[in-house]
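Undergrad: need a 3D model of the sequence below.
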Amino acid sequence: MFLNEFIFIKLMEHIFKCSRCGEYTMNEVCPKCGSKALNPKPQKYSPEDKYADYRRKAKKEELVKKGLL
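TA: Purely as a prediction, here's the structure:
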């Protein structure tokens, strides 16, 4: 692996997306609006996911609460 590729990979680990305005930043707090920035990458998929039922149930309750389901 070349040094440039290593630096790029390390940078990608530290990119966050603001939960309020959607801006990407290298900080855990958005410099634009001051809101918390989250990791934009999805969780890794595993066919042996022990908590899938809990996540689906929580997602369904959230959609019902918002009136979307």
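Undergrad: look up how far K60 lies from the spatially most central residue of the chain.
TA: Centroid-nearest residue in the chain: P40, 3.2 Å away (criterion: Cα atoms, centre = their mean). P40 is 23 Å from K60, where distance means Cβ to Cβ, to the nearest Å. Where you see a C-beta, it was placed from the backbone N, CA and C, and this is true even at glycine.
Undergrad: same thing with D53?
TA: Relative to K60, D53 is positioned 11 Å away (criterion: Cβ to Cβ).
Undergrad: about what we covered before: residues contacting the residue nearest to the centre of the chain?
TA: By Cβ atoms under 8 Å, 6 or more residues apart in numbering, the contact list for P40 reads I15, F16, K17, Y24.
Undergrad: helix or strand: which one has K17?
TA: For K17, the enclosing helix or strand under DSSP states H and E is strand 16-18.
Undergrad: what's the longest helix anywhere in the chain in contact with?
TA: The residue-count maximum for a helix in the chain (DSSP state H) belongs to helix 52-66. Contact with helix 52-66 is made by L69, as judged by Cβ under 8 Å, 6+ apart.
Undergrad: next one: stretch 15-34
TA: L11, H14, S35, K36, A37, L38, N39, P40.
Undergrad: at 6 Å what do you get?
TA: If you take Cβ atoms under 6 Å, 6 or more residues apart in numbering as the criterion, stretch 15-34 is touched by H14, S35, K36, A37, L38, P40.
Undergrad: so which of the residues you listed is the most crowded?
TA: Neighbour counts for these, by other Cβ atoms under 10 Å, peak at A37, which reaches 23 neighbours.
Undergrad: on the three-state scheme, that one is what?
TA: The assignment at A37 comes out as strand when based on DSSP: H, G, I helix; E, B strand; the rest coil.
Undergrad: how much space separates it from S46?
TA: Distance, A37 to S46, by Cβ to Cβ: 26 Å.
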